[in-house]
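S.K.: Predicted model, plus sequence, below.
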Amino acid sequence: MGRSGALLRYSATRLGLAPLMLWLIATLVFLLLRVAPGDPVDAVLGSRAPAVAKAAMRARLGLDKTLPDQYLDYLRGLLHGDLGQGLINEEPVRDIISRTLPASLELSVIALALAALVGLSIGFSGIARPEGKLDLAGRLYGLGTYALPPFWVAMLLQLLFAVSLGWLPVGGRFPPSLMPPEGTGFYLIDSIRNLDMTALKGTLRHLLLPAGTLALLLSGTFTTALRLNLRRTLMGDYAEAARSRGLSERQVVLRHGLPNALLPVLTIAGITVASLIGGALLIEVTFSWPGIALRLQEAINQRDYPVVQGIVVVIAALVVLVSVAVDLLVAALDPRVRY
């Protein structure tokens, strides 16, 4: 079978496994919430509410059914795109996600782009002189930023740039004195599309500190990955063969080393998307960023099980889709990948 046929079969296998992974995650979330301590009815009505009111609410929510019946109702809802309603305000979970997801995606995409730019630049800067000062500084930067506690870094940068210097807002997503731009929910895109420079400036000022904090924490991963892979690549046989043909070291690095070293970094970027979830939660809480991670934390505290289920399933779907897309992209770009 040729490479194109093997790639097609590999793509079909990865795409076919994605629904199975989502089903397993959805099932795990359903079971964990059912065995977790605490009663969602007590969380809404209070433990001293009349038994009649509790029974009526359990019947309305379907919690009086057997666990298998609840599970089947849950799966039927997922198949039809129905994520249920929140227990606290009875708002459809789909509306909650559509309102908060753009904020998290905007923060994550900007943070990931900044992290890749800074991390790859630092990782590449020390390759000219391995074990030199720049290389050592890049190594320390990669290890140091990876080990930093996110909440501590976030509060430290808040104190420096928002409280002490007053350059940036301490929290929030948009100036409270202005109306957010209408459109997709992505304020950067909506501001540019509406040619609203005031809204764009306000969006950037509120976005810079949380996105920069998250980028700082993630950039060390890119620095370390590029440094290790580039050094390994430049020690390979084909790099030595390129040198023997008279190519300069710069040509060897740019033509042979860097393209091959960036492929594993692309895989790491896909994995980093998953780590954005945990990092974004701490960042959103610290900076009062109205994203999906902050809403998830609120739903967990309120034991709002339908909201928790819906948000976790949507986040899992995004992670699975990004993972599959990165795997297929790497397989298409790298002829060394075997299927």
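M.R.: Okay, I see it.
S.K.: contacts, neighbours, all on C-alpha from now
M.R.: Fine.
S.K.: which residue is nearest the middle of the protein?
M.R.: The centroid of the chain falls nearest to Leu276 when counting by C-alpha atoms, centre = their mean (3.5 Å).
S.K.: Which helix or which strand is home to it?
M.R.: In this structure, Leu276 sits in helix 258-286 according to DSSP states H and E.
S.K.: What about Leu15, how many residues nearby?
M.R.: 16 (other C-alpha atoms under 10 Å).
S.K.: quick one: average pLDDT of the helix or strand encompassing it?
M.R.: Using DSSP H and E, Leu15 falls within helix 3-35. Per-residue pLDDT values across helix 3-35 average out to 81.
S.K.: which secondary structure elements does that helix contact?
M.R.: For helix 3-35, the elements it packs on are helix 305-333, judged by 3 or more C-alpha pairs under 8 Å, 6 or more residues apart in numbering; DSSP states H and E.
S.K.: ok, back up a step: okay, buried residues for the helix holding Leu15 please.
M.R.: Buried residues in helix 3-35, defined by neighbour count with 16 or more other C-alpha atoms under 10 Å: Leu7, Tyr10, Ser11, Arg14, Leu15, Leu22, Ile25, Ala26, Thr27, Val29, Phe30, Leu33.
S.K.: ditto for stretch 282-296
M.R.: Those would be 282-287, 289-296, for stretch 282-296 by 16+ other C-alpha under 10 Å.
S.K.: can you check stretch 183-200 too?
M.R.: Gly185, Phe186, Tyr187, Leu188, Ile189, Asp190, Ser191, Ala199, Leu200.
S.K.: Now for Tyr146: which residues touch it?
M.R.: Leu217, Leu218, Gly220, Thr221 (C-alpha atoms under 8 Å, 6 or more residues apart in numbering).
S.K.: The helix or strand hosting it: how far from the chain's middle?
M.R.: In this assignment (DSSP H and E), Tyr146 forms part of helix 133-147. How far helix 133-147 lies from its chain's middle: 23 Å, per C-alpha atoms, centre = their mean, to the nearest Å.
S.K.: need the next SSE after that helix, C-terminal direction.
M.R.: Assigned by DSSP H and E, the successor of helix 133-147 is helix 150-157.
S.K.: Next SSE downstream of that following helix?
M.R.: Next element after helix 150-157 (DSSP H and E): helix 187-193.
S.K.: tell me the mean pLDDT for the helix or strand just after that next one?
M.R.: Moving toward the C-terminus from helix 187-193, the next helix or strand (DSSP H and E) is helix 197-234. In this model, helix 197-234 carries a mean pLDDT of 87.
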